[in-house]
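> Please find the sequence and the predicted model below.
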Amino acid sequence: MSLMNVLSRLLQPVALRCRQQRRHWRSARQVPRFLPQLEILEDRTVLSTWTVTSSADSGDGSLRAAIATAQNGDQIVFDVSLRGQTITLASQLAISTTLDIEGPGADQLSISGDHAGRIFNISGGVTVTIAGLTITDGLATGAPGRGGAILNTGSTLILTHDVLSDNQALGLSGQNGQGGAVANVSGGTLIISESLLTQNQSIGGTDGGSAQGGTIANIQQSTATIQQSTFIGNRAISGDGGIIMSGVVGRGLVLGGGIFSQNGILTVEDSTFTGNQAIAGSGGSGGSGRNGVYIVDSGGGGGIFNNSGPLVLSGSTFTDNQAFGGSYATGGTQGFGLVGVMEGGGLFNAGAATVTNCTFDHNEARGGSHNTGGSEFTIVGVGRGGGISSPAGNESGGRVTLLASIVTLRHNRAAGGDGDTGGTFVGDGWGGGVYVDGAPFSNPPGGAAVVSNSTLADNQAIAGNGPTAMDGSDALGGGSANLFGGVLTVSGSTLSGNQAIRGDGGAGGNGGSGFGAGLLNGGPSTFPTNVGAPNILSILDSTITDNDAEGGAPGPGGGSAGAGAGGGIASAGILTILGSDLSHNRALGHDGDGGANGGNGFGGGLYIAGGSASILTTVIDHNRAFGSDGDSGSNGGNGYGGGVYVATGTVLVVVSEISYNQAFGGFGDGDGTDGQGVGGGVYNLGTFLVDDLTVIAHNHASDSNDDCFGC
């Protein structure tokens, strides 16, 4: 083949492609030009997984080395050979990169601080997940001591399927212990899910250091969310001693056996709090106070203490938690204050709380014993809110609110201490189930609570016993107490089997009294910051039944046994009852033991000691006021107002029924006279107004006026 033929064959495909290209150029005049673009690819950075192979504190394969080597977003896992072992640390592990630490399971591997130091210190605005580990025996000591196991500063910490146990946050002398297991501070975010937190402690230093959060301290605008987790046997224990001086509000304060949240956001869902304790110090002094205020050896929140921030609590259970006030403390030389006062066996709320579908069972708030009040207004040794306490005082000065719905409170106790002296209110028990008050320590407007579609059953307000030559203390509100200008609304709820149980007198003293076994609504506030503010109680579509208000026994050589007043409700404020039923409640005086007169029973269903009461479309039936028997030649007590007793004030009854109630006097002994039973339906010494559609009938009194005395 000639050279020309070879070239012709080689160039033929090129000529063909050129003709095709010319046709393409001609057609391109009718279509947009193609413009090449750069493609933006996703980040191809490969995250690493680091495997811990050694249980040593440091060196190759250790957890410390893995944390130091890992980059932002890396994951740390543990070799199977480490299962069943404990990694014991000589010093804390500092984390300032985003990490995911995935353990083999809390029952398989533990990280221990050997009770010598904190375990994790997280900072730098990162996100750290710690899962499937037991974190134990951590210790943080300082001024304050924060986060026995973990300190989270301004970062996001996620704990899931973990166990945090036996960790401690210990304050130095006069300083605070905050967060026995975890301290979440400086705007940090804490999320705990499906974890167990047990036997952790925050301990205040000597000289009256405060203890805040036996397990968790959530402070400084931080946010904590707790889900499906269990808190068992954690404790906050404040330090003994200490004198309040300039710049200090309190000594020996204990705030939250389980969780302490202040100026933060707290959410708790589907969790359990069992056997946690808040234990105040003892032997402190109010000194000269600070700006006219002092708080000594007091506090609250056996389960949770929430202050100056929102709390959302749902689907959770609080059982056998306790809050104990301190003893042998003294009040201040000026100003007003609290000494040995304890509140909120399950929950203390001084913020904005929403509580839904929760149970509070067998929790206790107990005031301290053998305390002495100050020179001015002082509350001494009082236990408030066995299940829930929602007072008005907080640091922000904002309104304290409690919205509780579908809540069960049963077998909770608010108990006063024994042998307390010298205060304005001494050794009382207020609000066995729920305590509400409206007295802020600084700025009004006070506090308000709504309890709806709930059950308060078998709760107790128990007063302390008096010291020698003094009377026993009083019990106020077995189911609930509303005092010092509080506003409480109860709707669609049942209060049954609650008790207000007085204290016994000391030698030579009289027995105390029990007021308002179902509910207590106090008179105008005597608290220094809101003197005269009325207490307002509204009861709507509710049932109040089988509650007992009981007087106390006289002391040896005493004068009289105590009275029981208001088996269902006692009120000296503004009371409204609409569409409700008060039935089978009792007001019982105590027997006159030791030669004393029997105690009186006033108002088996309702006791009005002042203010006003409006009763509309309500039934008051089968209630009883019983005077008790005298002893050794003494007189029996009187029973006045089986259904309603009006000592003073104004009562308006519209379209209601007062029937089948009873008033009986007690028996005198020997030469003693029998007590009187007067006003089986109503005993009135004030103003009692009834419309034509109200029925008062079929009542019985042992002496006179079966249906109504003074009407």
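Yep, that arrived.
> what about the residue nearest the centre of the chain, distance to residue 474?
Centroid-nearest residue in the chain, with Cα atoms, centre = their mean: residue 347, separated by 1.2 Å. Per Cβ to Cβ, to the nearest Å, residue 347 is found 24 Å from residue 474. Yep, even glycine has a C-beta here, placed from its N, CA and C like the rest.
> do the same with residue 105
53 Å.
> ditto for residue 136
Separation of residue 136 from residue 474 (Cβ to Cβ): 46 Å.
> hey, where'd the strands end up in the stretch 1-150 of the chain?
49-52, 74-78, 85-88, 93-95, 99-102, 109-112, 120-122, 127-131, 134-136, 139-142, 145-146, 150-153 (DSSP state E, counting those that start in this stretch).
> low pLDDT regions in the stretch 501-650 of the chain?
Residue ranges of the stretch 501-650 of the chain with pLDDT under 70: 558.
> which residue ranges form the helices in it?
Shown for the stretch 501-650 of the chain, no helices are assigned by DSSP state H, counting those that start in this stretch.
> ditto for the chain
Secondary structure of the chain (DSSP state H): helices located at 3-28, 63-69.
> In terms of mean pLDDT, which of these ranks lowest?
Among those, helix 3-28 carries the lowest mean pLDDT, at a mean of 37.
> Residue 660 against residue 624, yeah?
No. Taking contacts as Cβ atoms under 8 Å, residue 660 lies outside contact range of residue 624: 10.0 Å.
> Any regions of the stretch 201-350 of the chain where pLDDT drops low?
Residue ranges of the stretch 201-350 of the chain with pLDDT under 70: 246-248, 289-291.
> Turn the strands of the stretch 1-150 of the chain into CSV, columns for mean pLDDT, distance to residue 561 and mean neighbour count.
Shown next, in CSV, are the strands of the stretch 1-150 of the chain (pLDDT from 0 to 100; distance: least, Cβ to Cβ, whole Å; neighbours: other Cβ atoms under 10 Å):
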stretch, mean pLDDT, distance to residue 561, mean neighbour count
strand 49-52, 98, 70, 17
strand 74-78, 98, 68, 19
strand 85-88, 98, 61, 16
strand 93-95, 98, 64, 20
strand 99-102, 98, 65, 21
strand 109-112, 98, 58, 21
strand 120-122, 98, 60, 23
strand 127-131, 98, 60, 20
strand 134-136, 98, 54, 25
strand 139-142, 97, 53, 22
strand 145-146, 98, 50, 28
strand 150-153, 98, 55, 27
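> Residue 520: which of the ones you listed is closest?
strand 145-146 (39.7 Å; Cβ to Cβ).
> Not counting that closest one itself, show me its contacts.
If you take Cβ atoms under 8 Å, 6 or more residues apart in numbering as the criterion, strand 145-146 is touched by 140, 168-172, 175-179, 183, 185, 202-203, 205, 217.
> One more pass at 6 Å, please.
Taking contacts as Cβ atoms under 6 Å, 6 or more residues apart in numbering, the residues outside strand 145-146 that touch it are 140, 169-171, 177-179, 183.
> which neighbours does it have in its sheet, and in what orientation?
Paired neighbours of strand 145-146 in the sheet (DSSP bridges): strand 177-178 (parallel).
> starting at the chain centroid, how far to the partner strand?
19 Å (Cα atoms, centre = their mean, to the nearest Å).
> how many other residues sit next to the nearest residue to residue 292 once chain neighbours are set aside?
Nearest residue to residue 292, sequence neighbours excluded (Cβ to Cβ, 6 or more residues apart in numbering): residue 335, at 3.6 Å. Using other Cβ atoms under 10 Å, residue 335 has 22 other residues around it.
> again, but for residue 98
Residues near residue 98, counting by other Cβ under 10 Å: 18.
> Can you tell me how far it is from residue 326?
The value you get for residue 98 to residue 326, if Cβ to Cβ is used, is 44 Å.
> What is the burial count for residue 84?
Count around residue 84 with other Cβ under 10 Å applied: 10.
> Give me the nearest residue to it, chain neighbours excluded.
Distances taken as Cβ to Cβ, 6+ apart put residue 108 closest to residue 84, at 6.4 Å, once the chain neighbours are dropped.
> Is there a neighbour count for residue 60? I'd like the number.
Using other Cβ under 10 Å, residue 60 has 8 neighbouring residues.
> For the residue lying closest to it once chain neighbours are set aside, give me the pLDDT.
Among residues not flanking residue 60 along the chain, residue 54 sits closest, at 6.9 Å (Cβ to Cβ, 6+ apart). Here, the pLDDT recorded for residue 54 equals 98.
> wouldn't residue 54 be in contact with residue 65 here?
No. Residue 54 lies out of contact with residue 65 (Cβ atoms under 6 Å); the separation is 8.3 Å.
> Could you pull up the residues touching residue 681?
Applying Cβ under 6 Å, 6+ apart, the residues near residue 681 are 643, 658, 661, 696, 699, 707-708.
> still on that earlier bit, dump the contacts of strand 145-146 into a markdown table; add distance to residue 616 as well.
As requested, the contacts of strand 145-146 are exported to a markdown table (distance: Cβ to Cβ, whole Å):
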| residue | distance to residue 616 |
| --- | --- |
| 140 | 58 |
| 169 | 53 |
| 170 | 57 |
| 171 | 54 |
| 177 | 52 |
| 178 | 50 |
| 179 | 50 |
| 183 | 52 |
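> just curious, which of those is nearest to residue 284?
Closest to residue 284, out of all of the contacts of strand 145-146 and judged by Cβ to Cβ, is residue 171, at 14.8 Å.
> wouldn't the closest one be in contact with residue 206 here?
No. In this structure residue 171 lies outside contact range of residue 206 using Cβ under 6 Å: 9.0 Å.
> more crowded one of the two?
residue 171 (28 against 16).
> Just give the number of residues close to the closest residue to residue 326 other than its chain neighbours.
Leaving out its chain neighbours, the residue that sits closest to residue 326 by Cβ to Cβ, 6+ apart is residue 297, at 2.7 Å. Look at residue 297: counted by other Cβ under 10 Å, it has 37 neighbours.
> Could you pull up the residues touching residue 297?
252, 280-282, 284, 326, 329, 340.
> Would you quantify the distance from it to residue 86?
Counting by Cβ to Cβ - residue 297 and residue 86 are separated by 38 Å.
> returning to that earlier point: list buried residues within the contacts of strand 145-146.
Buried by 16 or more other Cβ atoms under 10 Å: 140, 169-171, 177-179, 183, out of the contacts of strand 145-146.
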